[in-house]
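Visitor: sequence first, predicted coordinates after that:
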Amino acid sequence: MWGARNERGPVARVILQPGEIGAERRLLIQNGPQSALWAWPGENGQVLTLGATALFAALAGTDLTAFDLQMPFIYWNDFVFEGVAPVRGRPAHVFLLYPPADIAGQKPELSGVRVFIDTQFGALVQAQQIGDGNRTLKTITVLDLKKIDSQWIVKTIEVRDDGTRNKTQFEITGAALGLDFSGGLFDPAALPDAITPPFPARVRHLSP
């Protein structure tokens, strides 16, 4: 995963390697008020622009979806503040955000997303996808953070399907900061191009 911020908001390029499930797939995930999603390879090896339907498709045989990675709900305009509640022993501001028409049309069972923002650091620590009757459909929780030099990064995230109780754990094992991403790395047309990983000396390994 490569991540940065452009003029539209946070952007990430993700390579999925599902092993026995299928061939490698690459995603470009643009967040912000005008979010977007691209994938490669598509038909005839083309880059595909994906709509809201693709946001909720399972990735690489897990319960993780592009919607979970993109987190477009951060930019939804319709929301209410519900107060302060603890998450893993820390107080967090709680907001319930309501989906726009395109998302509601693709996933009508999703009535909202409840987010928990740490009161001290202003960082998202948990998000719950909510269905009818305030029932939790899926929960994404930040389990661990790691400080590299002067920057805190997410180390472990748990994605739990509250209906099936299945869990997918996303763990960062190494990270390189301060890289130069010039040259069209986050251009959709560049998705078919292979990207050389950082030199091993630039990667800081995160201890357990």
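Guide: Happy to help now that I have it.
Visitor: if I read this right, residue 100 contacts residue 76, doesn't it?
Guide: Yes - assessed by CB atoms under 8 Å, residue 100 is found in contact with residue 76 at 6.3 Å. (Glycine included, C-beta is placed from N, CA and C.)
Visitor: ok, the residue nearest the centre of the chain to residue 180 distance?
Guide: Centroid-nearest residue in the chain, with CA atoms, centre = their mean: residue 69, separated by 1.7 Å. Residue 69 sits at a distance of 23 Å from residue 180 (criterion: CB to CB, to the nearest Å).
Visitor: one more: residue 5?
Guide: Taken as CB to CB, the span from residue 5 to residue 180 is 14 Å.
Visitor: out of these two, which sits in the more crowded spot?
Guide: residue 5 (12 against 6; other CB atoms under 10 Å).
Visitor: so which helix or strand takes in the more buried one?
Guide: strand 2-6 (DSSP states H and E).
Visitor: for that strand, the distance to its chain's centre please.
Guide: Relative to its chain's centre, strand 2-6 lies at 12 Å (CA atoms, centre = their mean, to the nearest Å).
Visitor: list the contacts of the top strand by length along the chain.
Guide: Counting by DSSP state E, the longest strand found in the chain is strand 136-148. The contact list for strand 136-148 (CB atoms under 8 Å, 6 or more residues apart in numbering) reads 63, 68, 87-88, 109-110, 123-131, 152-163, 169, 172, 175, 177, 204, 206.
Visitor: so what's residue 191 up against?
Guide: Residue 191 touches 13, 26, 28, 38, 39, 40, 47, counting by CB under 8 Å, 6+ apart.
Visitor: give me the nearest residue to residue 69, chain neighbours excluded.
Guide: Of all residues not flanking residue 69 in the chain, residue 29 sits nearest, at 5.6 Å (CB to CB, 6 or more residues apart in numbering).
Visitor: show me what the helix or strand the one you found falls within pairs with in its sheet, parallel or antiparallel.
Guide: In the assignment (DSSP H and E), residue 29 maps to strand 25-30. With DSSP bridges as the test, strand 25-30 is paired with strand 9-16 (antiparallel), strand 36-40 (antiparallel).
Visitor: that one - what's its average pLDDT?
Guide: Averaging pLDDT along strand 25-30 gives 93.
Visitor: okay, angle between that strand and strand 2-6 too, please.
Guide: Interaxial angle, strand 25-30 versus strand 2-6 (axes from the mean of the first three to the mean of the last three CA atoms, to 10 degrees): 30 degrees.
Visitor: what about the closest residue to residue 132 other than its chain neighbours, how many residues nearby?
Guide: Spatial nearest neighbour of residue 132, excluding adjacent residues (CB to CB, 6+ apart): residue 111 at 6.1 Å. Residues lying near residue 111 (other CB under 10 Å) number 18.
Visitor: could you do residue 136 as well?
Guide: Using other CB under 10 Å: residue 136 sits among 14 other residues.
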